[in-house]
Each structure stands twice: as C-alpha cells, then as structure tokens.
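Student: with the input below, show me the fold.
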Amino acid sequence: MRLAVYLPLLLTLLAAPGARLLAGRCEPRLATWLLTLSAVVLAAAGGISLGLLTLTGLLRVPELAAAGQWSLGLADRKDPVELSVAAAAGLLLALAAVGAARMLWERCRSLARAAMDAACLAAEDGLVIVDDPVPEAFALPGLPGRVIVSTGMLEALDTGEHDVLLAHERAHLSDHHYVFVALAQLGAAANPLLRPLATAVAYTVERWADERAAAVTGDRRRAARTVGKAALAAHQSHARSRIATAALGVLGVLGRDGGLGAAGPVPRRVAALLAPPLTPRAVPALVTMAVLVAATWSTADAVQDLHALLGFVGI
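Tutor: Just a heads-up that it's a prediction; the model follows:
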C-alpha cells in the first residue's frame, strides 16, 4: 500500500497545537464545531487506516491465502507493508475499538441516567433550586433538560449575577453542548493522541455559554465577575458536581500563579470576557478543513489502493 494510508495517523500529531490555536484564538462556537469535527474525522480516518494495514497483513497469512485462493507471492511483491507493521496496526485497532466502545457505553449510560433524573425533577421554567449550602450549578441534559442550582451558589452571587448564571446554564442545554463533549471524548477514547481536542472542547463549550450569557445580559464585565465568583465559591468549599459525567456548569479549575497561557480554564474565561468578543475567522476554519479533507482523501485513496491490491492477488 502507498504512503497515503499513513497520512491520517500522522495528522493526529497536529491535534495538540491545533487545539491550543482554535481554543485560544477562534470564536467559541466555531471553535467547538471545528474541534469536535476534527476529533470525529481524525479518529474515524485513523481507525480505517489501521484496519487497512491489518487487512494487508491478513493477505499474507498462508492459511488465509489458501482459503481465499489468492497468490501469496503476488501479495508479498505488490504490498510493501511489513507483516510486523500490520500486526501492530491490528493491535492498535483492537485497543481503539475497545476504548471507543467503553466510552460510548459509559456516555450513553450517564446521559440516560441524567435524562431520567431530569424527568423526575419538578421545575419552574426548567430551573431546580436545591437546598444545599454547597455552591453548585450545572445543566442536566434531558427531555426537557434542567438547570440545577444550589442555595449555596445563589447566596454566593447577587441578583444580577443570578441572571448570568442561569443564562450560562440554559445555553448549555439549548445548544446541546453535551453532544459536542461526548463526540470529542469518543474520538479521544479511540485515539489518545486526540485527547487535546476533547480537553479543548470541554473549554470552548464553557466559553460558548459564557458569551451567550454575556449577550443575554448585555454586560460582559458582570459575566466575567460571575464566572470568577462562582468558581471561587466552589473552590473554597471543595465542591464537586454530583453528576460529573453529565454536568456542564460554570465551575472550573482555578489556575496557578503565572502567565495567562499557563493559567487554568477559569482565569482564561474571565480574561476573554473582559476583552472584546472574538469574531469568526476564516483562516483557522480553512486550515482545519484542509487538514480534515487531506485525512479523508488519503483514507479514500488507501481504500482504493487496497481494492486494487485485492484484485491483483486474485480476489
């Protein structure tokens, strides 16, 4: 097989720098779409490439060659892939399939459980206030979804900040942010090199909801103050979400001392809200789409190459 089969695997090495670029410099909604699409396409293309490499190894197993009535000598002469490479690809493919299946099962279970919990909660306008001194706020996916806010969180914020908090959480539900997170995590489960994309999606959906809240309330400084105060209240009380796999709240991890580039999600979100909103840029989108087109084209070319190989050896 030609080198095209390896290109999707090599393109996954761009995940880490690409995730940093899109998450930090691209408008949050567009960044979320591009990051999620990249995770799905690169994971699928990489899986197909591993499958193609594995099949070339199977062609050169004497017992299978005899059963399939194809020429083992022609396969050895036509296909440059080493048998050891095909075996390694088969092992990686198996690990990817197991990882993706496990993640899919866990996400389906958590979302189903969240939907059942949401259906059992009586809510006024989708809001459930829990009598709990621990500051918490998160969106619970369901049909319909629910926004869960503790009395401890309401006490930590003033009335104007309540509006920001609710707008943020409702944005998570209305824009189905849990779907983006689940798809990105599924791609990362299939290929660990894509984990930076999943991490970036978890951040950009928060930025997306931040911007929605700022637009709804018309006050970016208040939105920034709300994000900081909510995170600080949760940090001081060591709060943790009770449904970690389904919750997508304003809570985050406070950054360490140092520059903003090394800061945690919350300081970066606050800084972004204090700055003018980012506008959609064509260049990051075009570069990302070019990478995904290259991965898709090379995968299709490798499939065609394998088809030609099968015809050459007599299938």
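
Student: now do the helices in the protein.
Tutor: 7-11, 15-25, 28-58, 62-68, 72-78, 83-120, 151-156, 159-174, 177-190, 195-217, 220-236, 265-274, 282-313 (DSSP state H).

Student: by contact count, what packs against the first one?
Tutor: With contacts defined as 3 or more C-beta pairs under 8 Å, 6 or more residues apart in numbering; DSSP states H and E, the secondary structure elements packing on helix 7-11 are helix 28-58, helix 282-313. To be clear about C-beta, it is placed using only N, CA and C from the backbone, and glycine gets the same treatment.

Student: what does it rub up against?
Tutor: If you take C-beta atoms under 8 Å, 6 or more residues apart in numbering as the criterion, helix 7-11 is touched by 42, 45-46, 48-50, 291, 294-295, 298-299.

Student: repeat the analysis, applying 6 Å as the threshold.
Tutor: Here helix 7-11 makes contact (C-beta atoms under 6 Å, 6 or more residues apart in numbering) with 45-46, 49, 291, 295, 298-299.

Student: so G152 makes contact with P133?
Tutor: Yes: the pair G152 / P133 is scored as a contact, 4.3 Å apart, by C-beta atoms under 6 Å.

Student: who's more crowded, the two?
Tutor: Per other C-beta atoms under 10 Å, whichever of G152 and P133 has more neighbours is G152, with 19 against 12.

Student: show the contacting residues for that one.
Tutor: Applying C-beta under 6 Å, 6+ apart to G152 gives the contacts 132-135.

Student: hmm, 7 Å instead?
Tutor: 132-136 (C-beta atoms under 7 Å, 6 or more residues apart in numbering).

Student: tell me the pLDDT at the residue lying closest to T32 once chain neighbours are set aside?
Tutor: Distance criterion C-beta to C-beta, 6 or more residues apart in numbering; nearest residue to T32, sequence neighbours excluded, is T204 at 4.4 Å. At T204, the model reports a pLDDT of 95.

Student: burial of T204, as a residue count?
Tutor: Neighbour count of T204, defined by other C-beta under 10 Å: 29.

Student: ok, the closest residue to L22 other than its chain neighbours - contacts?
Tutor: Nearest non-adjacent residue to L22, counting by C-beta to C-beta, 6+ apart: A31, 4.5 Å away. Taking C-beta under 7 Å, 6+ apart, we find A31 in contact with 22-23, 204.

Student: go through the helices of the chain and name the closest to G142.
Tutor: Ranking those by proximity to G142 (C-beta to C-beta) places helix 83-120 first, at 2.7 Å.

Student: where are the low-confidence patches of the stretch 201-315 of the chain?
Tutor: 236-263, 306-315 (pLDDT under 70).

Student: go again using 90 as the cut-off
Tutor: Scanning the stretch 201-315 of the chain for pLDDT under 90 picks out 229-266, 277-282, 284, 300-315.

Student: picking that back up, which of the contacts of helix 7-11 are buried? Put it as a PyMOL command.
Tutor: Of the contacts of helix 7-11, the buried ones can be selected in PyMOL as follows, counting by 16 or more other C-beta atoms under 10 Å:
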select buried, resi 45+46+49+291+295+298+299
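
Student: ok, the contacts of helix 7-11 vs D117, which is closest?
Tutor: G46 (35.2 Å).

Student: the closest one contacts Y6, doesn't it?
Tutor: No: using C-beta atoms under 7 Å, G46 is not in contact with Y6, being 10.1 Å away.

Student: pretty sure L278 sits against E27.
Tutor: Yes: using C-beta under 7 Å, L278 is in contact with E27, at 4.5 Å.

Student: comparing those two, which residue is more hemmed in?
Tutor: Neighbours were counted for L278 and for E27 using other C-beta under 10 Å; E27 has more, 20 against 17.
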